[in-house]
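Chemist: Structure of the sequence below:
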Amino acid sequence: MKIYQAIFLILFAIQLSDCSKRKVRGDYGDSNRSTPSDGSQDSSQGDEDELTEAERIARQALISQNMNVIWKRSKALELSIASALRLSPADMCVVGSGSNCISQAFLPLLGGNDAFTKGQYLPPASPSRLTPSVVDRVLLSSCIRRAELDQAAAPQIFKQFSLAGSAAAVSDQQLDALSDLLYKEFLARKPSQDQLEILRKLKDQSATAFELAVLTCFTVSTQTEFLFY
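Modeler: Predicted structure coming up:
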């Protein structure tokens with residue numbers, strides 16, 4: 001019995017020693033780390049400095065994995081475009097004999113699945129290599145369709161200048177007004193001055209005001225900020 005008691009006391013002493021060392025290193029997390037009143041760094045900083053390059057990269061990778069950035073899949077993308085451009089899903093993008101790009105033709109590439117007609121019971125875990133091209137096609141088609149509707153009737157988005165004129169006739173103030181609206185609709189914020197200046201350069205790549213409006217819409221909508229949330 002005395003032997004077991006001695007072993008227990010030895011193990012208990014070892015555990016206390018280990019806990020004391022962990023507390024000094026700060027292994028219990030940020031909530032238990034104390035900052036000295038004189039503003040100096042505690043001993044955990046020294047432990048950070050002792051990390052190898054591989055350990056530092058691994059720790060940074062763990063931090064990045066906690067960023068909850070979500071791929072905007074088919075339905076979320078469809079709803080976002082419909083809200084931004086005031087389009088019905090049927091007007092966004094159609095291929096072939098009338099198949100909807102998002103809900104039918106390119107559904108798996110946009111992160112969706114259809115168990116009944118495609119035999120696909122689970123959505124893809126990650127985007128395909130073809131996903132960026134399909135997203136570009138959907139957004140470009142949607143921008144063109146919105147411009148066509150605005151040119152034919154009372155405009156809802158492209159109302160800052162006439163789409164029938166030339167791109168050179170569009171002033172910077174008019175283009176800035178369109179850019180501001182598109183940023184508001186797609187990204188829910190105002191563009192920076194640098195972003196406005198970049199969009200102004202699109203006038204040099206456009207022959208008509210129609211092309212300029214579509215290209216501005218496409219440039220704003222294809223930003224990563226819109227495609228993830």
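
Chemist: Under the pLDDT cut-off, which ranges of this protein? List them.
Modeler: 1-67 (pLDDT under 70).

Chemist: can you give me the strands for it?
Modeler: Assigned by DSSP state E, the chain shows strands spanning 94-95, 99-100.

Chemist: Looking at those, which one is packed in the most?
Modeler: Greatest average neighbour count among the strands of the chain goes to strand 99-100 (a mean of 16), per mean count of other CB atoms under 10 Å. Where you see a C-beta, it was placed from the backbone N, CA and C, and this is true even at glycine.

Chemist: about what we covered before: wait, which of the strands of the chain is closest to I144?
Modeler: strand 94-95 (11.6 Å; CB to CB).

Chemist: what lines up beside the closest one in the sheet?
Modeler: Paired neighbours of strand 94-95 in the sheet (DSSP bridges): strand 99-100 (antiparallel).

Chemist: neighbours around the residue lying closest to V95 once chain neighbours are set aside, how many?
Modeler: Excluding the flanking residues, the one nearest V95 by CB to CB, 6 or more residues apart in numbering is A105, at 4.9 Å. A count of neighbours around A105, defined by other CB atoms under 10 Å, yields 19.

Chemist: Report the contact partners of A105.
Modeler: Residues counted as contacts of A105 (CB atoms under 8 Å, 6 or more residues apart in numbering) are V95, G96, S99.

Chemist: the helices in this protein, which residues?
Modeler: 2-25, 43-49, 53-65, 74-85, 89-92, 131-152, 172-187, 193-200, 209-221, 224-227 (DSSP state H).

Chemist: Please point out which parts of the last one sit buried.
Modeler: The reference is to helix 224-227. F226, L227 (16 or more other CB atoms under 10 Å).

Chemist: Return the distance of it from the chain's centre.
Modeler: Centroid separation for helix 224-227 versus its chain: 4 Å, with CA atoms, centre = their mean, to the nearest Å.

Chemist: what would the strands of the chain look like in CSV with distance to A188?
Modeler: Formatted as CSV, the strands of the chain follow (distance: least, CB to CB, whole Å):
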stretch, distance to A188
strand 94-95, 28
strand 99-100, 26
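
Chemist: so how far is N113 from A125?
Modeler: Computed as CB to CB, to the nearest Å, the A125 to N113 distance reads 11 Å.

Chemist: These two - which one has more neighbours?
Modeler: Between A125 and N113, counting by other CB under 10 Å, N113 is the more crowded of the two (15 against 7).

Chemist: residues touching that one, list them.
Modeler: Contacts of N113 by CB under 8 Å, 6+ apart are L107, Q120, Y121, L122, P123, P124.

Chemist: count of neighbours near the closest residue to C143 other than its chain neighbours?
Modeler: The shortest distance from C143 to any non-neighbouring residue, by CB to CB, 6+ apart, is to C217 (3.7 Å). By the criterion of other CB under 10 Å, C217 has 27 neighbours.

Chemist: what does G165 give?
Modeler: For G165, the count of nearby residues is 13 (other CB under 10 Å).

Chemist: Now do the closest residue to it other than its chain neighbours against G98, distance only.
Modeler: Leaving aside its chain neighbours, G165 sits nearest to A209 (4.7 Å; criterion: CB to CB, 6+ apart). Plainly put, A209 is 30 Å away from G98 if you go by CB to CB.

Chemist: These two: which is more packed in?
Modeler: A209 (25 against 9).

Chemist: I'm done for today, thanks for sticking with me.
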